[in-house]
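In: could you work out the structure for the sequence below:
(one chain, ligands or ions: 1)
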Amino acid sequence: MDWSDEQISRLRALWSEGHSTAEIGRRMGISKNAVVGKAHRLNLSARPSPIRRVPGAPQAPRAPRPAPMRAAERMGFPPRSFNVVAAGHALRPVAPPPPRPVAPPAPPPPPRLSNTSCCWPIGEPGKPDFRFCSDRALVGKPYCEAHAAQAYVRARPRHEDAA
Ligand SMILES: [Zn+2]
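Out: Now for the predicted structure:
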């Protein structure tokens with residue numbers, strides 16, 4: 001059909017008012033297809049749903065779609081599939097490493113394993129009178145009871161200093 005400038009103006013006006021193509025065609029006495037085709041050739045912007053009819057109102061901008069969310073949904077996020085993957089990972093029979101036998105720290109070798117005499121030094125090493133105490137040592141200790149007590153007392157200040 002031939003479109004006069006008046007018809008085109010009418011089409012633009014009705015189009016901008018948000019009428020459906022069928023309604024525009026009915027008002028202009030032309031077919032809906034003619035309206036669609038002309039609107040396409042005129043490069044008229046797409047309109048919101050034809051249901052939205054506000055005669056005389058300026059064309060409302062389209063409500064922004066939550067595109068990011070849509071994209072996320074298409075990607076399966078958040079994510080049932082993610083949970084499945086995570087669950088599958090968790091359910092995978094991954095044997096935990098066997099508990100290591102707790103090896104006790106190697107005890108320092110007792111100075112005199114085969115000798116139960118006190119090895120508390122008496123005198124100055126290198127001097128002729130230097131000797132060891134040689135009293136009966138406490139079980140598991142290199143010193144006799146008296147020297148073990150001294151060793152313990154001596155060690156304590158160092159321990160406190162370290163603390
Ligand atoms: Zn001793």
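In: C-alpha from now on. contacts and neighbour counts both.
Out: Noted.
In: got the domain ranges for the protein?
Out: Listed domain ranges for the chain are 5-41, 121-162 (source: automatic domain parsing).
In: which parts of the shortest one count as buried, going by neighbours?
Out: Along domain 5-41, the positions that meet the burial threshold by neighbour count (16 or more other CA atoms under 10 Å) are 8, 11-12, 14-25, 31-32, 34-36, 38-39.
In: quick check: mean pLDDT of that domain?
Out: If you average the pLDDT over domain 5-41, you get 93.
In: relative to residue 43, how far out is residue 126?
Out: 111 Å (CA to CA, to the nearest Å).
In: and the helices in the chain?
Out: Using DSSP state H, the helices of the chain run over residues 5-17, 21-28, 32-41, 67-74, 80-91, 145-162.
In: state the mean pLDDT of the fifth one.
Out: Helix 80-91 shows a mean pLDDT of 51.
In: equivalent analysis for the last one, please.
Out: Here the mean pLDDT over helix 145-162 is 72, rounded to a whole number.
In: residue 31 - nearest residue in space that isn't next to it in sequence?
Out: Sequence neighbours aside, residue 25 is the residue nearest to residue 31 in space, at 5.1 Å (criterion: CA to CA, 6 or more residues apart in numbering).
In: which ones are touching the one you found?
Out: Applying CA atoms under 8 Å, 6 or more residues apart in numbering, we find residue 25 in contact with 31, 32, 34, 35.
In: can you get me a residue count around residue 143?
Out: 27 (other CA atoms under 10 Å).
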